[in-house]
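[1] need a structure here:
(one chain, ligands or ions: 1)
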Amino acid sequence: MSTNDVTKRPSASFQSLLRLLPYAKPFRMHFILVMVLVVIFNGTNVLQPWLVKVAIDRDLSTANPQIHGLVVISALYVGSVVIGVVANYFQILVLQFSGQSIIRTIRLDLFRHIERQSMGFFDTNAIGRLVTNVSSDTETVSQFFTNFFLSMIRDGLSLVMIVVAMFELNVRIASYAMVLIPLLFLISLLFRKQLRQRYQRTRTRLSNIVAFLAENLAGIRIIQIFHQEKRQARHFNVLNTAHREANVAEYQLSVIFNRTFELLGNAAVAAIVWIGGIAVLHHTILFGTLYAFISYIRQFFQPINSITQQWNTLQSSMVAADRIGQVLMVEPTVVDPPQPAVVSDEELEGQVEFRNVSFGYKADRPVLRHIDFTVRPGQLIGVVGATGAGKSSVMSLLTRFYDPNEGQIVIDGMDIRRLSQVDLHRIVGLIQQDVYLFSGTIADNIRIFRQEISDDEVVEAARMVGAHEMISRLPQGYQTMLYGKGANLSMGERQLIAFARIVALNPRILILDEATANLDSQTEELVSQGLQAVSHNRTTLVIAHRLATIRSADLILVLDKGRIVERGTHESLLALGGLYADLHAKSGIEYKPEETVHPMRRS
Ligand SMILES: Nc1ncnc2c1ncn2[C@@H]1O[C@H](COP(=O)(O)OP(=O)(O)OP(=O)(O)O)[C@@H](O)[C@H]1O
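    This is a model prediction of the structure:
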């Protein structure tokens with residue numbers, strides 16, 4: 001299962017970005033349009049100083065200034081500004097639209113891909129890591145499709161156009177200016193590297209604050225009960241101060257860099273004024289040409305600055321693309337057969353067999369060994385054992401969250417690997433300890449597995465498990481909105497809704513991981529009755545934490561360190577005087593044979 005692990009250190013390779021390139025294919029016309037718009041925008045930028053030069057040299061530097069020529073130049077100047085602005089507007093709009101559309105598709109694919117992974121994938125990949133993949137990594141890659149692409153085209157082209165215009169004006173002065181290009185790139189790259197490190201340090205420290213805050217708010221009750229507020233506040237202050245220091249250091253370097261660049265820009269202008277001024281005095285160039293040179297030198301700095309900035313964008317995009325690629329490359333380990341068997345509800349009996357099943361989350365660490373048992377249709381079996389004995393693992397195999405390493409799990413004589421997972425999960429219903437309710441109404445939650453059922457059927461399902469009265473008492477009844485996994489309901493109420501959900505699904509086989517939480521006696525009674533209703537007429541496998549729950553089970557399996565060490569009915573196991581009898585004694589429930597009324601009694 002280690003192949004599922006996508007937490008290996010990502011590498012910054014251009015290959016990983018190229019792998020995402022097919023996502024950009026549907027937008028190639030958009031990108032071509034952006035390039036055309038960039039050429040127009042850059043053209044207007046380079047044209048403007050040229051127009052001023054023409055105005056100075058042709059129309060103003062003569063004995064008789066040409067008013068008509070000036071008017072034309074001014075009109076052309078205004079026209080070029082307007083065209084430039086419009087081209088820039090659409091260039092940004094089209095590029096953002098394309099970039100964000102590409103990211104939307106990548107994000108969707110990533111989400112769908114993660115959703116269909118097997119459980120083993122989630123064991124090896126922390127949820128936080130995956131959330132980052134879907135949110136921040138995709139956002140970082142979007143910078144490649146927008147900022148990086150735009151900068152390479154716009155700034156690269158802009159630099160070329162300015163250089164050409166300068167050489168066009170005067171080869172000698174243009175050659176002097178060329179010395180600046182490598183110098184500016186060098187300074188810029190050196191600063192950028194440092195700036196990036198400082199930027200990342202600030203981000204990391206900010207994430208520390210966010211993580212600390214989230215953890216504290218989640219555990220606020222414990223913090224208050226144990227009066228840890230001051231200690232936590234001190235810790236928070238340390239993190240906060242660290243962030244401030246990183247932030248100030250980042251801005252300090254940023255200011256030094258920007259001012260250095262500005263200083264160089266002004267020094268270059270001064271040099272051009274000096275060299276160009278002498279040339280004007282010697283009549284080798286005209287005054288307008290000098291003006292145009294000064295303007296181009298000023299324009300020169302911006303693209304170089306911007307291109308070097310993209311180096312960082314490229315680096316982080318490559319790392320993010322690599323992380324996304326690692327997730328996209330993982331294939332689910334539990335897969336449907338090419339031609340799944342078709343089972344009709346009428347034919348289903350619901351017999352479950354484990355045939356010599358062995359399993360480990362990691363191949364070299366078995367947690368279940370040679371599990372062998374049969375549950376006949378409609379029977380109820382209880383699985384008990386100390387914590388970590390392997391009870392949940394048995395159930396996880398029956399739902400195919402994982403596949404066994406050895407042996408077979410069979411329903412009505414058919415290996416469950418021959419069924420599609422959709423069919424399997426229709427046949428095998430699962431009620432987990434920690435009931436997961438989705439944001440939405442209670443009715444939505446009851447019909448979550450079968451959207452097509454009517455409102456009446458929703459109410460009927462709730463009635464059957466005894467949840468109807470409880471739901472009706474809520475101000476909005478079945479339309480009550482549930483938030484944060486149903487946090488606005490009590491544990492018992494959540495359980496009843498989970499039961500109703502299963503009754504609505506009506507699976508032939510039911511797995512029930514009994515909740516360990518203590519319920520008050522009235523709710524416990526309600527939940528017990530709900531359990532009885534939900535397991536009625538179904539093959540039921542219960543992970544029992546209270547032995548009382550399975551006292552009247554048809555069969556009880558006692559697990560110890562992944563093996564079935566005892567099996568039998570409650571009475572026979574007590575009589576055996578082994579592990580079950582021990583567990584029973586420890587659970588503090590004194591067995592009374594005459595006590596016959598119990599929730600899980602078979603009807
Ligand atoms: N996702 C997992 N990845 C790796 N090991 C796991 C995973 N889930 C459980 N285990 C290990 O497998 C063994 C059996 O765990 P399992 O959850 O099946 O026991 P259990 O009897 O259900 O325990 P409990 O009553 O505490 O829920 C334990 O050693 C546990 O640490």
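
[2] burial measure for Glu139, as a count.
    By other CB atoms under 10 Å, the residues close to Glu139 number 14. Backbone N, C-alpha and C define where each C-beta goes, glycine included.

[3] Quick check: nearest residue in space to it, chain neighbours excluded?
    Leaving aside its sequence neighbours, Glu139 sits nearest to Ile103 (CB to CB, 6 or more residues apart in numbering; 7.2 Å).

[4] Tell me if I'm right that that neighbour and Gln143 touch.
    No. Ile103 is beyond contact range of Gln143, at 9.6 Å (criterion: CB atoms under 8 Å).

[5] Just list the residues touching the closest residue to Leu183 other than its chain neighbours, thanks.
    Leaving aside its sequence neighbours, Leu183 sits nearest to Leu264 (CB to CB, 6+ apart; 7.8 Å). Leu264 is in contact with 180, 183-184, 187, 301, counting by CB atoms under 8 Å, 6 or more residues apart in numbering.

[6] which of those tops the neighbour count?
    Going by other CB under 10 Å, Leu184 tops these with 21 neighbours.

[7] if we can go back for a sec, just the pLDDT for the residue nearest to Glu139.
    pLDDT recorded at Ile103 is 91.

[8] who touches stretch 143-152?
    Applying CB under 8 Å, 6+ apart, the set of residues contacting stretch 143-152 from outside is 17, 24, 31, 34, 38, 91-92, 95-96, 98-100, 102-103, 306-307, 309-310, 313-314, 316-317, 321.

[9] Counting only helices, which of these make the cut?
    17, 31, 34, 38, 91-92, 95-96, 98-100, 102-103, 306-307, 309-310, 313-314, 316-317, 321 (DSSP state H).

[10] I'd like the distance between the residue nearest to Glu139 and the ligand.
    Ile103 sits 32 Å away from the ligand, going by CB to the nearest ligand atom, to the nearest Å.

[11] which bits of the stretch 1-150 of the chain sit near the ligand?
    Neighbours of the ligand within the stretch 1-150 of the chain, by CB under 6 Å from any ligand atom: Asp123.

[12] quick one, helices of the stretch 1-150 of the chain?
    For the stretch 1-150 of the chain, the helices defined by DSSP state H, counting those that start in this stretch cover 14-19, 28-54, 67-115, 119-124, 127-132, 138-143, 149-169.

[13] what do you get for the stretch 351-500 of the chain?
    For the stretch 351-500 of the chain, the helices defined by DSSP H, counting those that start in this stretch cover 391-398, 421-427, 442-446, 455-464, 468-473, 491-505.

[14] between the ones you listed, which gets nearest to the ligand?
    The ligand sits nearest to helix 391-398 of all the helices of the stretch 351-500 of the chain, at 3.3 Å, using CB to the nearest ligand atom.

[15] check whether the closest one contacts the ligand.
    Yes. Helix 391-398 is in contact with the ligand by CB under 6 Å from any ligand atom, via 391-393.

[16] Compare those and tell me which is most surrounded.
    Within the residues of helix 391-398 next to the ligand, most neighbours by other CB under 10 Å means Lys391, with 23 neighbours.

[17] how deep is the nearest residue to Arg19 once chain neighbours are set aside tucked in, by neighbour count?
    Sequence neighbours aside, Gly325 is the residue nearest to Arg19 in space, at 5.4 Å (criterion: CB to CB, 6+ apart). Per other CB under 10 Å, the neighbour tally for Gly325 reads 18.

[18] how about Gly325, what does it touch?
    Residues near Gly325 by CB under 8 Å, 6+ apart: 16, 19-20.

[19] Ile371 and Glu406 touch, don't they?
    No. Contact criterion CB under 8 Å: Ile371 and Glu406 do not qualify, at 9.9 Å.

[20] follow-up on the earlier one: quick check: pLDDT value at the residue nearest to Arg19.
    What the model reports for Gly325 is a pLDDT of 88.

[21] Show me what from the stretch 251-400 of the chain comes close to the ligand.
    Contacts of the stretch 251-400 of the chain with the ligand, taken as CB under 6 Å from any ligand atom, map to 361, 367, 385, 387-393.

[22] Just the buried subset of those, please.
    367, 385, 389-393 (16 or more other CB atoms under 10 Å).

[23] Just the pLDDT for the residue of the stretch 101-250 of the chain found nearest the ligand.
    The minimum distance from the stretch 101-250 of the chain to the ligand, using CB to the nearest ligand atom, falls at Asp123 (4.1 Å). The model reports Asp123 with a pLDDT of 81.

[24] what does Ala63 give?
    As summarised for this prediction, Ala63 has a pLDDT of 69.

[25] swap in the one 3 residues further on?
    Reported pLDDT at Gln66 in the predicted model: 71.

[26] What about it, how many residues nearby?
    Gln66 has 14 neighbouring residues, counting by other CB under 10 Å.

[27] Over to it: give its phi and psi.
    Torsion angles at Gln66 (phi, psi; degrees, to the nearest 10) stand at phi -90, psi 100.

[28] now Leu110: how far from Met318?
    Distance from Leu110 to Met318, counting by CB to CB, to the nearest Å: 17 Å.

[29] okay, the two: which has more neighbours?
    The residue with more neighbours, out of Leu110 and Met318, is Met318; 22 against 19, by other CB under 10 Å.

[30] I figured Trp83 hits Asn45, correct?
    Careful, residue 83 is Ile and not Trp. No. If you go by CB under 8 Å, Ile83 and Asn45 don't touch, sitting 10.7 Å apart.

[31] In terms of packing, which of those two has more residues around it?
    Comparing Ile83 with Asn45 by other CB under 10 Å, the one with more neighbours is Asn45, at 21 against 15.

[32] which residues touch that one?
    Listed by CB under 8 Å, 6+ apart, the contact partners of Asn45 are 84, 158, 161, 299.

[33] thinking again about what came up before, buried subset of the ones in helices among the contacts of stretch 143-152?
    With neighbours counted by 16+ other CB under 10 Å, the ones in helices among the contacts of stretch 143-152 contain buried members at 17, 31, 34, 38, 91, 95, 98-99, 102-103, 306-307, 309-310, 313-314, 316-317, 321.

[34] how about Gly429, what does it touch?
    Contacts for Gly429 (CB under 8 Å, 6+ apart) come out as 449, 502, 505, 507, 509-511, 538.

[35] and if you look at Asn247?
    Residues in contact with Asn247, defined by CB under 8 Å, 6+ apart, are Thr202.

[36] any idea which element it lies in?
    Taking DSSP states H and E as the criterion, Asn247 maps to helix 229-281.

[37] ok and that helix relative to helix 149-169, angle-wise?
    On the basis of axes from the mean of the first three to the mean of the last three CA atoms, to 10 degrees, helix 229-281 is oriented at 20 degrees to helix 149-169.

[38] so how far is helix 229-281 from its chain's centroid?
    Mean-position distance between helix 229-281 and its chain equals 34 Å (CA atoms, centre = their mean, to the nearest Å).

[39] So the nearest residue to Asp423 once chain neighbours are set aside, which state does it fall into?
    Once flanking residues are discounted, Asp423 sits nearest to Val343: 6.2 Å by CB to CB, 6+ apart. When states are read from DSSP: H, G, I helix; E, B strand; the rest coil, the local structure at Val343 comes out as coil.

[40] any idea of the pLDDT on Val343?
    Model confidence at Val343, expressed as pLDDT, equals 83.

[41] Can you verify my assumption that it contacts Ile427?
    Yes. Using CB under 8 Å, Val343 is in contact with Ile427, at 7.1 Å.

[42] Between the two, which contacts overlap?
    Jointly contacting Val343 and Ile427 under the rule CB under 8 Å, 6+ apart are Leu419.
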